[in-house]
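1. Mind folding the following:
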Amino acid sequence: MQAWKFASVLALLALSQQVAAKSKEDKERPGICEETEDCTADGYQCVALQTTRAGTDTVKQCLPKEQDSDVCSGQYPGLCPTFSSWTSPYNQISSVCTYKPAEKCVTGTSSKSKSGSSDGVICVAGAKDTSGEAIDAIYGCVDFDTSALDVLFGEEAANDLADSLGTASALIENCLSTNATSNSTLLCAGQGTCVPDTIGSLNYTCRCNVGYSGDFCDNIDSNKCQLPGQCATGVCNLETQECECAAGTTGDQCSECDATSEKACNGKGTCSDKVCECEEGWEGLQCTKESAKKKSSKSASSKASASDSTTGSSDAMSARPLSFVAMGVATVFAAALFN
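-> Presented below is the predicted three-dimensional model:
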């Protein structure tokens, strides 16, 4: 066989593997992006969230943005990504919009920073610390570990600022309910962002995703959705803005279990009156989240990883996986090259 034919076959097989990996990633992490150009829905922007949580890498998601204050960035506190439909450990993330230090601030009318440099960022107007002293800061999305009571910036300066402002205590006090109807251990029940109640404030409140309401975003109002990661074990159809549920789940926001399905409660609980009663070590509406006790066991975590890799995908997608299509194309081309 000619060398160019062999090289072509290898290239096609490599391409099929890349497509398969991308297809798997899209199912396990709906809405994942590297940059805004990756967001296919009109009016969506790629928003990053910082975390040091073990087992995570790219934590960016496409979010709707019609105006600057819609998302958490720069001068404005807004929504951060939601991860309820992402697989573990991503679905353990509590989304927070809070201060992070800025090295160089510029005013809204000036192109120069305080140091005279032409580069810099427009910082939060009127940002102050607990003593009333002005600080240079911008807003950014970050994960909060409700078990360790730790803001997971992973940057010393940002962590020091959070500590000095008493951010962890404010988040727990204002955004975590021990009586949430979803029994969630996440801020805003994992269906909203814990944000400052006004620009420059050190007090926080829950800003709920579309389809949710309540002080802690634990009330389901409708099946409407806007965020790719909000429909639990289902998928948010960004064209219809409705949740499409996977097998084993039903109801608004895919919040109810289907007792007739073998996949009810992720196989980790019992479905009774459309509500999951989770086995020890599991929690969440569909028993898809590992509890703190479960995560402390290495052997249990390895089993959960295998389970999560399958439950994150949605049966609402009827098309054959792209990986099969890509492999088929590669096979056809390979056959043609050999002949």
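2. Surely residue 96 is in contact with residue 80?
-> Yes - contact criterion CB atoms under 8 Å: residue 96 and residue 80 qualify, at 6.9 Å. All C-beta atoms are positioned from the backbone trio N, CA, C, and that covers glycine.
3. Need the residues touching each of those two.
-> Common neighbours of residue 96 and residue 80, counting by CB atoms under 8 Å, 6 or more residues apart in numbering, are 141, 193.
4. now the closest residue to residue 65 other than its chain neighbours: how far from residue 137?
-> Excluding the flanking residues, the one nearest residue 65 by CB to CB, 6 or more residues apart in numbering is residue 45, at 4.4 Å. Here the distance between residue 45 and residue 137 works out to 21 Å (CB to CB, to the nearest Å).
5. These two: which is more packed in?
-> Per other CB atoms under 10 Å, whichever of residue 45 and residue 137 has more neighbours is residue 137, with 22 against 16.
6. beta partners for the residue nearest to residue 65?
-> Bridge pairing for residue 45 (DSSP bridges) gives the partners residue 63.
7. Please name the residues that touch it.
-> 36, 39, 62-65, 71 are the contacts of residue 45 under CB under 8 Å, 6+ apart.
8. can you pull the buried residues of stretch 216-233?
-> 216-220, 223-233 (16 or more other CB atoms under 10 Å).
9. can you give me the helices in this protein?
-> 3-28, 156-165, 167-175, 292-295, 298-311, 322-338 (DSSP state H).
10. Compare the mean pLDDT across the ones you listed and name the weakest.
-> Among the helices of the chain, helix 298-311 carries the lowest mean pLDDT, at a mean of 39.
11. Can you tell me the closest non-neighbouring residue to residue 119?
-> residue 104 (6.5 Å).
12. Give me the distance between that neighbour and residue 155.
-> Taken as CB to CB, the span from residue 104 to residue 155 is 16 Å.
13. which stretches of the stretch 51-200 of the chain have low pLDDT?
-> In the predicted model of the stretch 51-200 of the chain, residues 107-118, 180-183 satisfy pLDDT under 70.
14. same thing but 80
-> 107-119, 178-183 (pLDDT under 80).
15. Can you show me the strands along it?
-> 60-64, 95-101, 105-106, 121-122, 137-145, 150-151, 192-196 (DSSP state E, counting those that start in this stretch).
16. residues touching residue 251, list them.
-> 223, 245, 274.
17. First-to-last residue distance for stretch 200-211?
-> 27 Å (CA to CA, to the nearest Å).
18. Could you count how many residues lie near residue 150?
-> 15.
19. for residue 136, same thing?
-> 17.
20. Against residue 106, how distant is it?
-> For residue 136, the distance to residue 106 - CB to CB - is 10 Å.
21. shared neighbours, these two?
-> In contact with both residue 136 and residue 106: residue 123, using CB under 8 Å, 6+ apart.
22. Give me the distance between the nearest residue to residue 164 once chain neighbours are set aside and residue 170.
-> Leaving aside its chain neighbours, residue 164 sits nearest to residue 129 (6.4 Å; criterion: CB to CB, 6+ apart). Per CB to CB, residue 129 is found 13 Å from residue 170.
23. So those two - more neighbours on which side?
-> residue 170 (19 against 15).
24. Pull out the buried residues from stretch 261-271.
-> Those would be 263-266, 268-269, 271, for stretch 261-271 by 16+ other CB under 10 Å.
25. Please apply the same query to stretch 161-170.
-> Those would be 161-162, 165, 167-168, 170, for stretch 161-170 by 16+ other CB under 10 Å.
26. Contacts for that stretch next, please.
-> 98-101, 129-130, 135, 137, 144, 149-151, 153, 202-204.
27. do the same with stretch 176-193
-> So stretch 176-193 is contacted by 72, 78-80, 82-84, 91-97, 141, 144, 146-147, 171, 175, 194, 206-209, 211-212, 215-219, 230, 253, 283-285, 291-292 (CB under 8 Å, 6+ apart).
28. 7 Å instead, please
-> Defining contact as CB atoms under 7 Å, 6 or more residues apart in numbering, one finds that stretch 176-193 is touched by 72, 79-80, 82, 84, 94-97, 144, 146, 171, 175, 194, 206-209, 212, 216-218, 230, 283, 285.
29. For that stretch, measure first residue to last.
-> 11 Å.
30. Distance of residue 232 relative to residue 287?
-> 11 Å.
31. Mind listing what's buried along stretch 271-278?
-> Under 16+ other CB under 10 Å, the buried positions of stretch 271-278 are 271, 276, 278.
32. actually stretch 151-158, not the one I wrote
-> 151-153, 158.
33. And the residues you listed, which is closest to residue 237?
-> residue 152 (31.0 Å; CB to CB).
34. Need the residue closest to the centroid of this structure.
-> In the chain, the residue lying closest to the centroid (CA atoms, centre = their mean) is residue 83, at 3.1 Å.
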